[in-house]
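Novice: Model the following, please.
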Amino acid sequence: MNTPNLTFHALALSTLLTTVLTSNVLADRGPIPDINSDSKFIVYYGNDFYTNTQASPDNWIINQSIISTLSGFDVVVVQPNQWTFTPEIVQALKAGGVNRVLGYISIGEDYVNQSLESALDNGTGMRTYDPSSNQLVTVPATTLQSFYMDVDTQTVTYHSNGDVDSVTTAARLTPDGLPDLNPHFYGFMVYPDANWRWVLDNMRIGTANVAGRQYKAGLQQLAGSRDSSNLRDRSGNFGFDGFFLDTIDTAGPYDNAGWYPWTAQAMQQTVKFISDQYPNKLVMANRGAFYFSPGLKSPITNEYAIDYSIRPYVNAFLFESFRYDSDPSTDGANGVSEYYNENRFNSAPKVIAESNREDGFTVFGLDYQSGRQHVELDSFEIAVREMGLVNYLAPDGDLATHSLAMADLLPDSHNDSTAPIWDNTGHHLYNTPNTNMRVGAQSVAEGATPTDIVITWDTAIDQSYPVHYDISVENLSTGSMAVHDDVAFTTNPAWLHNPIAHSANQAAISGLTMGDDFRVKVYAEDAKGSRNEDDPGMTYSLATPMSNPILKSSITLDGLLGDWSTIAAYPVDPDDINEVSAAGHISGQGNQANWRGIQVVHTTDTNELLMAYTNETNIYISWGFQVFIDSDDDPTTGFKGSFAGINTFPIGADYLIEGVNVYQYSGTGNDWHWIVSPNSGGYEMGRIWSGQTGEVFLPLHWIGSPTNAMNFIVFGNNDFYVDGLTPIEFDWYPDNAASGGYFRYQF
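Specialist: Next up, the predicted model:
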């Protein structure tokens with residue numbers, strides 16, 4: 001092996017990658033232009049591009065039949081490592097009219113013919129699993145390259161010629177001193193570090209650019225300009241339009257043989273390296289849907305795969321084995337893959353949500369006929385018409401023959417007259433169909449200012465992408481309507497780690513009027529202009545600021561509210577009249593925590609906060625009475641998670657008054673993590689009650705000394721009174737807290 005070159009270039013790449021990581025610059029790519037569900041796509045690994053390969057290459061004759069067939073496709077993925085594949089074939093396909101010809105390369109496994117090659121030596125030592133730290137560490141006693149891994153004990157059998165016959169995992173997370181092999185395809189498993197990126201970039205067929213690797217084309221050979229005078233030289237550049245990156249999925253966040261979640265970030269950086277090095281070449285990722293799956297956390301590393309998303313670095317993603325996999329022996333009903341429900345209802349909505357962003361990607365699909373009868377139309381109806389994939393139905397798993405079954409049904413988008421269909425990126429039951437779709441707006445909350453709102457919604461699927469979203473905001477107080485077409489939307493950050501409670505997308509609408517009530521709706525519109533109008537809408541009230549500065553002496557703290565009669569009060573909780581809250585929760589007879597009203601004042605002489613509680617029945621101030629306070633007037637800080645029927649809190653709750661105690665939020669935004677307010681010194685706040693009314697008071701510095709305004713919502717939790725023995729009834733106040741309502745107090 002050319003050790004000096006490898007060492008030198010690896011060092012240089014390490015420096016480069018460190019610079020890129022610290023600068024945090026994203027090389028956004030976006031979808032492949034002019035490719036959609038009408039486009040014809042094929043993956044073809046055949047080795048029949050010439051008709052007489054027994055002769056000298058100078059005398060080979062191009063197989064015009066296969067060139068003509070493949071030239072009918074818009075996107076063609078081929079395998080340059082077939083022994084008769086030459087740059088001439090790429091040129092012939094381009095001349096035949098193929099828009100994009102992509103070359104295969106494995107980036108997560110080092111495929112070798114072990115009768116001729118072996119794991120690369122002359123390195124600093126492979127990485128092995130250390131059970132004490134649950135990390136991969138270097139094995140200095142070996143001389144293998146740093147991109148090999150020894151995690152499992154494997155039993156490997158060989159053919160008489162030295163090639164691998166079978167690999168079985170005898171013990172998981174138990175190194176055996178040998179580099180791991182893929183248990184199915186027998187490639188060496190790779191930790192894709194800077195050394196490996198150098199190999200990927202420099203290996204070249206028929207050369208010693210990377211000694212010991214002369215049978216695989218690297219990135220430079222795949223991407224470099226073809227020499228038109230020497231098109232049959234397999235060591236020359238192929239001039240592909242881009243790369244088909246295989247074996248990305250070895251970095252999956254799972255605890256099973258063949259998965260190496262410790263490599264998730266390194267794999268992301270490898271895809272980024274390819275994107276950065278070849279900005280004018282297309283990048284298609286095969287598999288690896290976990291990089292686009294919010295909430296998917298590795299039980300091995302405790303990392304979320306989506307934190308290392310490859311979205312900015314790819315133009316396309318291939319959903320392999322979407323409905324029909326290559327092995328019919330384990331099929332579910334009607335010959336459909338046993339994993340189809342997982343693909344369709346768990347993975348696909350998440351992938352499509354990520355693909356439909358401004359820096360998203362084109363989603364391709366690959367199904368396998370593999371002896372199944374009459375599945376062409378079914379594959380077409382699901383993959384193309386329902387999901388909008390750029391799809392191919394391969395004859396079998398070898399991909400060495402071709403099929404026109406899908407191509408002959410295209411183009412088809414002229415038949416698409418239906419609007420997008422709302423889906424659900426929060427489904428989580430494994431391999432189970434989902435019928436609980438998230439229709440339209442899912443939450444409305446205060447934005448950067450009190451007159452801004454942030455709307456969240458999930459994803460919609462369609463045959464004709466991209467899907468745009470429109471938002472209407474109806475002022476229920478004045479009757480006016482504002483429609484915002486094709487809104488600029490972003491990822492809802494809370495969705496990344498908790499898609500069950502939060503939706504994928506968000507957008508901000510500004511300039512609303514304080515004190516008015518609004519109904520917000522989200523519409524999904526496809527590229528042909530068909531619009532889904534199923535959203536019933538969510539109501540939202542922009543709380544009018546209330547301010548009641550007083551002297552402490554003007555209030556007699558006795559639990560009675562006679563001296564509060566001149567102080568402005570927030571609207572009476574309506575569920576005390578009809579006994580059923582807007583969310584359907586009964587707060588009637590027998591439920592002790594049943595808010596009727598609240599008043600708030602602040603004292604100008606003692607810097608205290610005083611609140612008057614009014615309950616439907618006799619009050620006993622316990623932890624069943626809670627007040628959530630956004631004291632810094634910033635909805636992006638504090639608790640924003642789900643609680644008691646609210647998916648997304650309408651305020652960023654920094655403090656919680658629970659009964660007579662004051663707590664400060666100390667979590668990360670979505671988790672339920674509170675500590676006793678440090679400024680309270682562990683003391684309880686003042687309180688007194690009488691009958692249905694009560695008063696509480698506390699120093700303002702216990703809740704962070706708010707100076708501008710605070711937003712708050714109150715909650716009645718009857719779990720305190722029934723002790724979990726009967727169905728729990730709870731009472732949000734204001735009643736529309738679940739759709740973004742809250743109270744506002746000005747200091």
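Novice: CA only for contacts and neighbour counts going forward, please
Specialist: Noted.
Novice: can you map out the strands along the stretch 451-600 of the chain?
Specialist: Applying DSSP state E, counting those that start in this stretch to the stretch 451-600 of the chain gives strands spanning 453-457, 460-461, 468-475, 481-484, 490-491, 505-509, 517-525, 531-532, 538-541, 549-550, 595-603.
Novice: which parts of the third one are buried?
Specialist: Within strand 468-475, the residues that qualify as buried by neighbour count (16 or more other CA atoms under 10 Å) are His468, Tyr469, Asp470, Ile471, Ser472, Val473, Glu474, Asn475.
Novice: lowest confidence element among the helices and strands of this structure?
Specialist: Scoring the helices and strands of the chain by mean pLDDT, DSSP states H and E places helix 3-23 at the bottom, with a mean of 31.
Novice: That helix: what's the following helix or strand?
Specialist: strand 41-44 (DSSP states H and E).
Novice: Start and end of stretch 243-263, how far apart?
Specialist: Start and end residues of stretch 243-263 are separated by 21 Å (CA to CA, to the nearest Å).
Novice: low-scoring pLDDT stretches of the protein, where are they?
Specialist: 1-27, 574-591, 721-728 (pLDDT under 70).
Novice: Outline the domain layout of it.
Specialist: Following automatic domain parsing, one finds the domains of the chain at 3-19+33-112+192-422, 113-191, 441-541, 549-746.
Novice: Which one, of those domains, ends up nearest to Tyr430?
Specialist: Closest to Tyr430 of those, according to CA to CA: domain 3-19+33-112+192-422, at 6.2 Å.
Novice: re earlier: could you dump the domains of the chain into JSON lines and include distance to Thr435?
Specialist: Below are those laid out as JSON lines (distance: least, CA to CA, whole Å):
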{"stretch": "domain 3-19+33-112+192-422", "distance to Thr435": "9"}
{"stretch": "domain 113-191", "distance to Thr435": "35"}
{"stretch": "domain 441-541", "distance to Thr435": "14"}
{"stretch": "domain 549-746", "distance to Thr435": "19"}
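Novice: if we can go back for a sec, JSON lines please, covering the buried residues of strand 468-475 and showing distance to Ser553.
Specialist: As requested, the buried residues of strand 468-475 are exported to JSON lines (distance: CA to CA, whole Å):
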{"residue": "His468", "distance to Ser553": "58"}
{"residue": "Tyr469", "distance to Ser553": "55"}
{"residue": "Asp470", "distance to Ser553": "53"}
{"residue": "Ile471", "distance to Ser553": "50"}
{"residue": "Ser472", "distance to Ser553": "49"}
{"residue": "Val473", "distance to Ser553": "45"}
{"residue": "Glu474", "distance to Ser553": "45"}
{"residue": "Asn475", "distance to Ser553": "41"}
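Novice: Out of these, flag the one nearest to Ala405.
Specialist: Nearest to Ala405 among the buried residues of strand 468-475, with distances taken as CA to CA, is His468, at 30.9 Å.
Novice: What separation do you get for that closest one and Ser530?
Specialist: From His468 over to Ser530 (counting by CA to CA), the distance is 10 Å.
Novice: what do you get for Leu399?
Specialist: Distance from Leu399 to Ser530, by CA to CA: 37 Å.
Novice: cool, Asn334 as well?
Specialist: 32 Å.
Novice: Comparing the two, which residue is more hemmed in?
Specialist: Ser530 (17 against 8; other CA atoms under 10 Å).
Novice: Glu446 and Asp233: what is the separation?
Specialist: 64 Å.
Novice: more crowded one of those two?
Specialist: The residue with more neighbours, out of Glu446 and Asp233, is Glu446; 30 against 18, by other CA under 10 Å.
Novice: partners of that one in the sheet?
Specialist: Ile453 (DSSP bridges).
Novice: got a list of what it touches?
Specialist: Asp452, Ile453, Val454, Pro635, Pro650, Ile651, Gly740 (CA atoms under 8 Å, 6 or more residues apart in numbering).
Novice: Equivalent analysis for Val473, please.
Specialist: Met481, Ala482, Val483, Phe518, Arg519, Val520, Lys521.
Novice: Now that we have those, which of them are buried?
Specialist: Phe518, Arg519, Val520, Lys521.
Novice: Output these in CSV, with distance to Ala407 appended to each entry.
Specialist: Shown next, in CSV, are the buried ones among the contacts of Val473 (distance: CA to CA, whole Å):
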residue, distance to Ala407
Phe518, 48
Arg519, 45
Val520, 42
Lys521, 38
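Novice: From those residues, pick the one nearest Pro699.
Specialist: Phe518 (35.0 Å).
Novice: My guess is the closest one contacts Thr539. True?
Specialist: Yes. Using CA atoms under 8 Å, Phe518 is in contact with Thr539, at 5.5 Å.
Novice: Trp60 reaches Phe49, doesn't it?
Specialist: No. Trp60 is not in contact with Phe49 according to CA under 8 Å; the separation is 9.5 Å.
Novice: is it fair to say Ile89 lies in a helix?
Specialist: Yes. Assigned with DSSP: H, G, I helix; E, B strand; the rest coil, Ile89 falls within a helix.
Novice: distance of the closest residue to it other than its chain neighbours from Leu136?
Specialist: Spatial nearest neighbour of Ile89, excluding adjacent residues (CA to CA, 6 or more residues apart in numbering): Phe49 at 7.2 Å. Using CA to CA, we find Phe49 at a distance of 43 Å from Leu136.
Novice: hmm, what's the outermost residue in this structure?
Specialist: Ser553 (55.5 Å; CA atoms, centre = their mean).
Novice: That one and Trp702, how far apart?
Specialist: 21 Å.
Novice: related to what we said a few turns ago, going by distance to Leu561, which of the contacts of Glu446 wins?
Specialist: Ile651 (28.2 Å).
Novice: wait, the closest one sits on Gly641?
Specialist: No. With contact defined as CA under 8 Å, Ile651 does not count as touching Gly641 (9.9 Å).
Novice: between the two, who's got more neighbours?
Specialist: Set Ile651 next to Gly641 and count neighbours by other CA under 10 Å: Ile651 wins out with 31 against 22.
Novice: that's a strand at Ser275, yeah?
Specialist: No. Under three-state DSSP, Ser275 falls outside any strand and is assigned helix.
Novice: Skip the chain neighbours and tell me the closest residue to it.
Specialist: Tyr313 (5.6 Å).
Novice: Let me know whether the one you found touches Thr270 as I believe.
Specialist: No. Look at Tyr313 against Thr270 with CA under 8 Å: they stay out of range, at 9.8 Å.
Novice: And these two? Which one has more around it.
Specialist: Between Tyr313 and Thr270, Tyr313 has the larger neighbour count (other CA under 10 Å), namely 29 against 24.
Novice: I'd like the distance between the more buried one and Thr459.
Specialist: 22 Å.
Novice: again, but for Thr330
Specialist: 31 Å.
Novice: quick one: contacts for the residue nearest to Ile89?
Specialist: Counting by CA under 8 Å, 6+ apart, the residues that Phe49 touches are Ile62, Asn63, Gln64, Ile66, Ile67, Thr84, Phe85, Ile89.
Novice: Let's see which of those end up in helices.
Specialist: Gln64, Ile66, Ile67, Ile89 (DSSP state H).
Novice: what about burial for the residues you listed, which qualify?
Specialist: Using 16+ other CA under 10 Å, the buried ones in these are Ile66, Ile67, Ile89.
Novice: Quick check on Asn209: phi, psi?
Specialist: phi -50, psi -40 (degrees, to the nearest 10).
Novice: got the contact list for the closest residue to Tyr620 other than its chain neighbours?
Specialist: Nearest non-adjacent residue to Tyr620, counting by CA to CA, 6+ apart: Trp689, 7.4 Å away. Residues counted as contacts of Trp689 (CA under 8 Å, 6+ apart) are Asp558, Gly559, Leu560, Ile619, Tyr620, Ile621, Glu695.
Novice: Return a PyMOL selection command for the buried portion of the residues you listed.
Specialist: Those of the contacts of Trp689 that count as buried under 16+ other CA under 10 Å are selected in PyMOL with:
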select buried, resi 559+560+619+620+621+695
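Novice: Can you tell me which of the contacts of Trp689 lies closest to Ile105?
Specialist: Scanning the contacts of Trp689 for proximity to Ile105, where the rule is CA to CA, the winner is Ile621, at 66.7 Å.
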